[in-house]
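Novice: Task: produce atomic coordinates for the following.
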Amino acid sequence: MKLKELREYAHMTQKQLAEKIGNVQRNISNWENGTSEPDLATVIKLAELFNVSTDELLGKEGHLLYFKENDYYSNLFSRSSKGSEIMTYVSMMTEEEQNALLTLLKGAFERS
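Specialist: Model (predicted):
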């Protein structure tokens, strides 16, 4: 399971992740060190939170799906601390939330 890798990429502590998914830090630790596994509903929550497929979360694919379509921009953003923080939050959004953010940003630039 790539949970630790995804959590660290998102700059979250185990406690922060546990709070986001309504769980406890001890379970996050156990999942990351392989002593137990989350149930299916939790796997789905985690995959949605990190914007990856369940296969990716479970280590079934060879690469991370972060910003797959916009890899150039994610690399560009990650060069600054603000850009990295923005990409972290965007990676945790649902597709619907990302579309709403894009609409908001487009509107802001059209007004200027």
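Novice: thinking residue 1 is in contact with residue 37, fair?
Specialist: Yes. A contact is recorded between residue 1 and residue 37 when judged using Cβ atoms under 8 Å, the distance being 7.3 Å. The way it works is simple: take the backbone N, C-alpha and C, and place the C-beta from them, glycine included.
Novice: Tally up the residues packed near residue 3, please.
Specialist: Neighbours of residue 3 under the rule other Cβ atoms under 10 Å: 20.
Novice: which ones are touching residue 43?
Specialist: Shown in contact with residue 43 (Cβ atoms under 8 Å, 6 or more residues apart in numbering): 54, 57-58.
Novice: Weed out the non-buried ones from these.
Specialist: Listed as buried from the contacts of residue 43 are 57-58; burial here means 16 or more other Cβ atoms under 10 Å.
Novice: Where does pLDDT dip in this structure?
Specialist: Low-confidence segments of the chain, defined by pLDDT under 70, span residues 61-81, 83-84, 112.
Novice: what does the lengthiest helix in it rub up against?
Specialist: In terms of residue count, the longest helix belonging to the chain (DSSP state H) is helix 95-111. Counting by Cβ under 8 Å, 6+ apart, the neighbours of helix 95-111 from elsewhere in the structure are 90, 93.
Novice: thinking again about what came up before, spell out which residues are contacts of both of residue 1 and residue 37.
Specialist: Between them, residue 1 and residue 37 have residue 31 as joint contacts when contacts are counted by Cβ under 8 Å, 6+ apart.
Novice: ok, residue 19 - how many residues close by?
Specialist: Residues lying near residue 19 (other Cβ under 10 Å) number 13.
Novice: which SSE is it in?
Specialist: Here residue 19, judged by DSSP states H and E, is contained in helix 14-21.
Novice: Mind giving me the packing neighbours of that helix?
Specialist: helix 25-33, helix 40-50 (3 or more Cβ pairs under 8 Å, 6 or more residues apart in numbering; DSSP states H and E).
Novice: Could you dump those helices into a markdown table and include distance to residue 87?
Specialist: Conversion of the helices and strands packed on helix 14-21 to a markdown table gives the following (distance: least, Cβ to Cβ, whole Å):
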| stretch | distance to residue 87 |
| --- | --- |
| helix 25-33 | 22 |
| helix 40-50 | 12 |
